[in-house]
Structure formats: structure tokens, C-alpha cells
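S.K.: please find the sequence and the predicted model below.
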Amino acid sequence: MHVPDGFFNAATSVSAGVVAAAGVAVCLRGAKRELDDRTAPMAGLVAAFIFAVQMLNFPVAAGTSGHLLGGALAAILVGPYTGVLCMAVVLLVQCVFFADGGVTALGINVLIMGVVTVLVGWGVFRLVTRAVRSRAGVSTGAFLAALVSVPVSALVFSALFAVGGTAPVDAAAVAAAMGGVHVLIGIGEALITTATVGAVLAVRPDLVYGARGLSAPLVLKGADGATSTVAAPAAADRQAAGGVRPFLIGGIGVTLLLAGVVSFFASSDPDGLEAVAEDKGFLGQATDHPLGSWALADYGDVGGVPVGVAGPRRRGHHAGGGGGHRLRRAPQG
Amino acid sequence: MGAGHHHQLYRQGDSPVHRLPPHCKLVAVLAFAVVVVATPRESFWAFGCYALLLAAVAVVARVPLGHVARRMVIEVPFVAFAVAIPFIGMGERTEVLGLSLSVQGLWAAWNILAKASLGVVASILLAATTEPRMILLGAQRLRLPSLLVQIAMFMLRYLDVIVEEMRRMRVARESRGFVARDVRQIPVIARSAGALFIRSYERGERVHLAMLSRGYNGSLPVIHEISGSGRQWVVALALPVTALAVLGASWW
């Protein structure tokens, strides 16, 4: 389910938008390396594919069905940079043309469903395939990547929700209601991603970006029996070698930046409701916000440290405190 | 995107709203959404005014109410969630028709429902009065990176083709008695997705080669420049400015 307008407060939406825009900007540069002059046509095609695949419903448990998010799948099939771009474009098109997801929440949607799923998926995938360099490694990597990316995406959603959500719902309560479904959806996503990657690998292994380093080197045998090996294209290997670290660093950077930016915005001005509440004089009667015990809830100085600085340090709380709840879209595309 | 396949999203017409340049409309919708989100949830009448504003736009653009209502179905999952909030929300509780509901939760549900619905209707009106291609050209005019716009353009062009391909595969599956009942059917769906990817990608490669042979060099030629006159900007921005005035009045 895409986040609509009004679900997060303005500060969170704007900060997430800034982070998402920065992520997309980085990927625009990187994608040119992955696809050279074919970037626009092929990324557009993959975006259309992801859009179509999101319409595929799979049964999760009795009575519930889910559909692919596709972030991990896109990362493995076409590479992380192009993957982020495809997800961003899919979400943009869904938002503007299909009114699915709010215009002001586009940054949040791109961050949660595009950047995070692709980053996490690709990071996990590279970790596994670097350890096990074989086709089995690719399958395992794809499975774990998809399995982990969905709950992590849910975790980021709950962290954002705890910081800037407008609904007074206990994160743990929602986690209890939605968390179970989400783990199941993650399993479904993992099964489908693995099988899809396997199906493509069986027919056109050259199309699977994540398996580029795995092709057996070409061995030439001369008439006299001498053999010589033709090295595989070096580009893919180099890419594979440097794959994980930038992405892990990027992920941590995004988290810190988000925490810092959000709390900076939060500290600068009270939200509309608070201002009205002060105006009308009912702030005193208002019950404490359920997240009142939250480190950043009162937006002031935290122990003399401006919140903009305290934010990153408190990030650990956010990750630990939020349960994994994420909202799913309806079956229809 | 020729005359052959219109998106159901777009309704052909020649109203003042249809004639506005796309980038003006994009800015107007974005600004309107920002104003709506910034409105405090206590000002019921402000939300009423916003709804009236959108209704006025729909009337001027001659977009039938049924079209908007049908498209609003996209909101349903979130409506379901919003309805649940008062039940699972925390804080002070109140009795409504014998049900114990959270006061904060009721406010939050109203807040989300009102703002999300207004945002959805604004987007629907934008899509109904502007061709998808023009929206993207407008986005490019607003300095969205051209690579991103190009990707979106290719996506729109391929979308119908791929969705049709997938529909044919589904018909083929179902005519062989396939029903997705539980986890055991997942391999079949996954193989379909794999086949869809390969077919799509190979089609894309063919199209790309065809484009190269016709002189494609990484960017598409711009055939007509879009520009907005001062008057058109004024007309387009009337929506968010009026909304802003309503917001300002609600602060008094």
C-alpha cells in the first residue's frame, strides 16, 4: 500500500523527499555506467516490467494475498542503480497517473519502497554471492535478499512513522497486527524472486546483472591441443568486487542523514496542530501523545544538545523501538 | 501513445483545464496538496472548501463524477486502515454507538481520510485532463532530470504492451486450469514472471536496435516546446492560491 497524503507530517515528508532525491541523483549517475546508451529504453522497460509484476498476486496464507514489491528482484536483474531508478519511476507514475500514493508522500514512498528495498536487497545479495560464487550462491542470495528487504522496508516505515506519523497508534500494536503478515509476504517475495531469477538464469544468464561475474571463462583449444583462456569482461568483476561496501555505507549514511534532517526540521517549528492547540489554549488539556516517551517527541533540546545533533545518536532507539509494520497495497495494480 | 491506445486515465476534452500547459497544472496540484497537508485537522470547513474547489475544477473540466468515484477505489486499502485506527489507537477513549473508540484515533482517521481523499481527487483530475505524455513533458519543463523523464516515457510506452503480454499469459495459465490457491502455486507464478522478463527484455533489445538504426543517440528530439503564458499560470495557480486563502482564513 502506498502512503497517501496526510499520513506523515510535513517535516517528515520533506526530509524523506530530500533523501530520496539525493538517492535518485546518485543512481542517475551510476545507471549510466550500468547500461551506457541503453539506459533510458531498457530502464523504462524494466520499470514497466516491475509495474506489471506488482500486479501478480500470490497467495500468502488462507484468505490473504500479497504482491511483489520487486525492489530486490530489480536490483538483481538490472543492478542496484538502475533498480532504484526503475522503482522511483514506477512509484512516480503510480502517484501522478494512478493517484496511488500521495503527491506530498512521494519522497517517503520512493525512500521506503525504492531506495531501501533495493539497497538492502542488493547489499544482502552481494554479501552472499561474494561468499559463495556459484549458481547456488545466486539463488540463496536472491532468496535472502528478498526475504530481508521486505521486513527492513517495514522497519524503516515504522521508524518514520514513529518520528512523523499522524496516527496515534502504538507501533508495537500495529506491528503485532501487520508484522506476521509481513514476514509471510517477505517469504512469498523471496520464493518468487528466487524462482524468477532462476528462470531467467536458465535461459538468458547474461541478463542477470547479479550473476555477471559467474560465467565460466571461455576456453579456446587450438588444433595442436594448446588451450588458452579468454578472460571474462573485467567490468562486471570490478563492479562485483566493489559492490557491497558503498551500498552498506550508503545505507548507514541515509539513516543518519534522515535522522538528522528529520529532527532538524522537527525542531525548527511546531506542527500545525500544536500551533492551533496553543492558540486555542487546549494544549494543556490534550492527552499526552502516545509517543510522548519518544526521545524526539517534544522536539526541544535533548539534554542541552540541539535535536538536529541528537537525532543521529538516537537512531539506535528508532530501529529497536519500531516493530515491523508496513502497509500493503491492494491487490489491484 | 499515438491515437490508437488512449489510457483510460485520460479523458479527451477541450475545456479550459485541458488547455492549460501541463507544467502549470503539475505545480498547481503539488501546491494544492501541500496546502491540504498543512491544514490543521480541526478546521472542518476548510476541508469542505477544498472539496468544493476540486468539485469546481471537475465541473469546469467536464470530468464526470462517476469517473472520479471509480478511480477513487485506489484509496480503499487506506480507508480500511484509517477505519481501524480509532479501534487500535491509544489515549483517551469515548463511547460511540456502544463502541469504545480512541479520541486521538478518531482525529487521526479523519485527518488521513480527508487529506488522502483530497490528494487523490486532485491527482485524478490532473490525470483526467492531461495526456500522460504531456504530464511527463511538463515534469521535464520543471527540471526533473531528463533521464528520469525518458525512463518514465519508455515505461509508459511499454506498459500496455507488457501488461497485455502478462494478461495473455494469465489467460493461458487459467485455461489450463491454474488457480493460485496456496504456496505450492508460487513456482508457476514465478516462472511466468521470469518468462515475462525475458520476453520483455528481448523485445526491448529489438526495439532499441531498431531505434539505433533510425538514428537514436541517447536522447529523444523535442518536437514542440511547451510554454505557459502569464495568464495561464494565473489560471492554474488559482486553485492552490484560493486553497491557501482558505487556510489563512482558518487560522483566524
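M.R.: Received it, and whenever you're ready, just let me know what you need. Worth saying up front: this structure is predicted, and the values here are computed from it rather than measured.
S.K.: how about whichever residue of the stretch 51-200 of chain A sits closest to chain B, nearest residue that isn't a chain neighbour?
M.R.: Residue of the stretch 51-200 of chain A nearest chain B, by Cβ to the nearest Cβ: A:Ala199 (2.6 Å). To be clear about C-beta, it is placed using only N, CA and C from the backbone, and glycine gets the same treatment. Nearest non-adjacent residue to A:Ala199, counting by Cβ to Cβ, 6 or more residues apart in numbering or on different chains: B:Gly194, 2.6 Å away.
S.K.: please apply the same query to A:Gln94.
M.R.: Nearest to A:Gln94 is A:Asp100, by Cβ to Cβ, 6+ apart, at 4.3 Å.
S.K.: a strand runs through the one you found, doesn't it?
M.R.: No. Going by DSSP: H, G, I helix; E, B strand; the rest coil, the assignment for A:Asp100 is coil, not a strand.
S.K.: what's the separation between it and B:Leu113?
M.R.: Noted for A:Asp100: a distance of 16 Å to B:Leu113, by Cβ to Cβ, to the nearest Å.
S.K.: the more surrounded of those two?
M.R.: Each of A:Asp100 and B:Leu113 has its neighbours counted (other Cβ atoms under 10 Å in any protein chain shown); A:Asp100 has more, 25 against 20.
S.K.: quick check, the more buried one in contact with A:Phe51.
M.R.: No. Applying Cβ atoms under 8 Å, one finds A:Asp100 not in contact with A:Phe51, separated by 10.8 Å.
S.K.: overlap of the contact sets of the two?
M.R.: Residues within reach of A:Asp100 and of A:Phe51 at once, by Cβ atoms under 8 Å, 6 or more residues apart in numbering or on different chains, are A:Gln94.
S.K.: report how many residues lie close to A:Arg29.
M.R.: When neighbours are defined as other Cβ under 10 Å, A:Arg29 has 10 of them.
S.K.: again, but for A:Ala154
M.R.: Taking other Cβ under 10 Å as the neighbour definition, A:Ala154 ends up with a count of 27.
S.K.: quick one: contacts for the closest residue to B:Ala122 other than its chain neighbours?
M.R.: Leaving aside its sequence neighbours, B:Ala122 sits nearest to B:Val29 (Cβ to Cβ, 6+ apart; 5.0 Å). Under the criterion of Cβ under 8 Å, 6+ apart, the contact list for B:Val29 reads A:103, B:122-123, B:125-126.
S.K.: name the next helix or strand downstream of the worst-scoring helix or strand of chain B on mean pLDDT, please.
M.R.: Within chain B, no helix or strand scores below strand B:93-96, which has a mean of 67 by mean pLDDT, DSSP states H and E. Downstream of strand B:93-96, the next assigned helix or strand under DSSP states H and E is strand B:99-102.
S.K.: which strands and helices sit next to the helix or strand following that following strand?
M.R.: Note on strand B:99-102: by DSSP H and E, the next helix or strand toward the C-terminus is helix B:103-129. The contact analysis (3 or more Cβ pairs under 8 Å, 6 or more residues apart in numbering or on different chains; DSSP states H and E) places helix B:103-129 against helix A:80-96, helix B:16-19, helix B:22-38, helix B:44-60, helix B:65-71, helix B:76-88, strand B:93-96.
S.K.: now do the fifth one: everything it contacts.
M.R.: Right, the one you point to is helix B:65-71. For helix B:65-71, contacts defined as Cβ under 8 Å, 6+ apart pick out A:99, B:9, B:11, B:58, B:120-121, B:124-125, B:128.
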